[in-house]
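S.K.: Any chance you could fold what I've pasted below:
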Amino acid sequence: MSNDNNTNNLINNSGKFSLRKQIRTLYITGILGNLSLTGAWVVILAARGFSLVQIGFAETVFHITSLICEIPSGMLADIYGRKKMLALGNLMAITGDLVMFFSQDYALVLLSMPFHAMAYNFASGSGEALAYDSMKRENAQAGYEKYVSNQSIIYRIASGISTLAAGLALYLGYRKSYLISALMGCITLFFTLKLFEIKGSKARKDKSLLKGMILFFADSIRFLYNNSKAAKLMFLNSFVGAVDILLLFFLQSKLKSAGISNWLLGPALFIMELGGIVGARLILKAKKARYVSVFIICTTGVLTGVLLEHTSIIGLMVLGGFISAMADDAIQIRTDAKLQDMFPSEQRATLISISSFTFSVIMIVLSPLAGYFFSIW
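M.R.: Got it, this is the predicted structure:
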């Protein structure tokens, strides 16, 4: 960022604001929030003796909750504060981990799923909105793309480490693993509470919660209707991202079918995650590239990954996953920065949540189709 001399001057009724400290704290919460011993929760449940049908139903509960809560969580962040919703998300994650810690039967496993889903929902949109509006307050929003790139790298590395740590979680057992996860959540909450609050909306305070949220949602839909370019960007970006996610998901099974050994599977998945890091860095070097060119190149990259997956040659399959992750993160970062410039501050978290909702809907539609596609080829 180029405004280093201006990052410590903002004063409001909550005291001194430091952009540098705000972004640093968001990075810390990003690291802590994505590092987890229990990220491979499907493997943990399978090791506990639950059937694939039971695990699949638990995942369904997670996604249904996520769909229901995604947009309302964004609206609440805009109306009541992004920091508050991030903290609430931390509390949801801690609660979900503790429920899983105490779970001895399937009922409590199912009960933990909505908490974990809502933890994701309350984090989705709030962090990005808080970061962008923090930068906007200091006229430093030109640095937002770099911020998203860094957060993408944090996510990819943390996800890779969490994947590699699946064996440790199985060794420790689910109770110790979820207790450690809950303690990590408490540390994350500590840092979240150190963030500086920046609300999106100053309206709706005189209205009931339900009426305010309905009006707020109507305003957001009206914005998308009047800004078709933003709506198209949200859809196209979600579609490309869904194809990449599904490719990486089904590669776990396809690599096993291709003959990869158990001890090489984790490192292979980690290598594919590293593709996202490369993409996150490359997009920063292409600031002058037209969005259409970036979109075409990245879409081609994801489709190339799909084609390489079908070779059934392990090395090429891993390369395909690497290229796909690289292209997905690059287009995600460029699109996110472009959309943030279009979104009004008072509706920012809501519109980001609508984008996430769009992604979830596309995933629901494409998942069974992808399962059929990858099973016959």
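S.K.: From Thr188, how far out is the most centrally placed residue in the chain?
M.R.: In the chain, the C-alpha nearest the mean C-alpha coordinate belongs to Ser124, at 6.5 Å (CA atoms, centre = their mean). Counting by CB to CB, to the nearest Å, the gap from Ser124 to Thr188 is 15 Å. No exception for glycine: its C-beta is placed from N, CA and C like everyone else's.
S.K.: ditto for Gly30
M.R.: Here Gly30 is placed at a distance of 9 Å from Thr188 (CB to CB).
S.K.: higher neighbour count, the two?
M.R.: Thr188 (25 against 22; other CB atoms under 10 Å).
S.K.: Other residues contacting the helix or strand harbouring that one?
M.R.: Element membership for Thr188, per DSSP states H and E: helix 174-192. Outside of helix 174-192, the residues within contact range by CB atoms under 8 Å, 6 or more residues apart in numbering are 25, 28-29, 32-33, 35-38, 44, 47-48, 83, 86-87, 90-91, 93-94, 97-98, 100-101, 168-169, 172.
S.K.: do the same with stretch 328-343
M.R.: Contact partners of stretch 328-343, identified using CB under 8 Å, 6+ apart, comprise 128, 132, 141, 144-145, 148-149, 152, 156, 223, 227, 229-230, 233-234, 236-237, 240-241, 244-245, 275-277, 279-280, 282-283, 291, 294-295, 298-299, 301-302, 348, 351-352, 355.
S.K.: Pull out the buried positions in that stretch.
M.R.: When burial is assessed from 16 or more other CB atoms under 10 Å, stretch 328-343 yields the following buried residues: 328-340, 343.
S.K.: mind saving the C-alpha coords of that stretch as PDB?
M.R.: Taking C-alpha atoms only, stretch 328-343 is exported to PDB below (Å, rounded to 0.1, in the frame of the first residue of the first chain):
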ATOM      1  CA  ASP A 328      -9.500 -19.900 -10.000                       C
ATOM      2  CA  ASP A 329      -7.700 -17.800  -7.400                       C
ATOM      3  CA  ALA A 330      -6.500 -15.400 -10.000                       C
ATOM      4  CA  ILE A 331     -10.000 -14.700 -11.400                       C
ATOM      5  CA  GLN A 332     -11.500 -14.700  -7.900                       C
ATOM      6  CA  ILE A 333      -9.200 -12.000  -6.700                       C
ATOM      7  CA  ARG A 334      -9.600  -9.800  -9.800                       C
ATOM      8  CA  THR A 335     -13.400 -10.100  -9.700                       C
ATOM      9  CA  ASP A 336     -13.600  -9.500  -6.000                       C
ATOM     10  CA  ALA A 337     -11.600  -6.200  -6.300                       C
ATOM     11  CA  LYS A 338     -13.700  -5.200  -9.300                       C
ATOM     12  CA  LEU A 339     -17.000  -5.900  -7.500                       C
ATOM     13  CA  GLN A 340     -15.900  -4.000  -4.300                       C
ATOM     14  CA  ASP A 341     -15.400  -0.900  -6.400                       C
ATOM     15  CA  MET A 342     -19.000  -1.200  -7.600                       C
ATOM     16  CA  PHE A 343     -20.700  -2.100  -4.200                       C
END
